[in-house]
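>>> I'll drop the sequence and a predicted model, then ask my questions.
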Amino acid sequence: MSGDTLLDFRLDRIVAYTLSGMVFETTAAGQTPVEGVEIYCDSCGSPDGHTFVYTDATGFYSLSWTMNGSHSLLIRKTGFEVVGPNGEPRGTIHATVRGDTRLDIELVRR
């Protein structure tokens, strides 16, 4: 190029949402929060994903920069496991995000 040049750029905002909820176990007292559960989401987080979060004392977790769609979550806590609808142990669950989404997760003791 020689001389003055005018370039037009279009910037589109990336729309991202929050996936959050409570991790709990069911006891005789009801739903009891589980602290220190590791939740990993490969497709959540900015800018490159690969986000690890841990539940707090109330069992709460939050994954920001989550796009709409299906996301696999790896759930880990020593002494606990995620159990599927047929009673099979699972380490991974799938979350469908449509805007800000709440997903509570139940663990059982091994």
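Right, received. Where do you want to start?
>>> Next secondary structure element downstream of the lowest-mean-pLDDT helix or strand in the chain?
The least trusted helix or strand in the chain, going by mean pLDDT, DSSP states H and E, turns out to be strand 89-90, with a mean of 80. Note on strand 89-90: by DSSP states H and E, the next helix or strand toward the C-terminus is strand 92-97.
>>> Note down every partner strand of that following strand and its orientation.
Strand pairing for strand 92-97, determined by DSSP bridges: strand 69-76 (antiparallel).
>>> coming back round to it: report all helices and strands that the least confident helix or strand of the chain contacts.
Under the contact definition 3 or more C-beta pairs under 8 Å, 6 or more residues apart in numbering; DSSP states H and E, strand 89-90 sits against strand 80-83. C-betas here are computed from N, CA, C, even on glycine.
>>> Other residues contacting the strand it packs on?
Applying C-beta atoms under 8 Å, 6 or more residues apart in numbering, the contact partners of strand 80-83 are 25, 34, 37, 75, 89-93, 105-110.
>>> do that again at 10 Å, thanks
23, 25, 34, 37, 73-76, 88-93, 105-110 (C-beta atoms under 10 Å, 6 or more residues apart in numbering).
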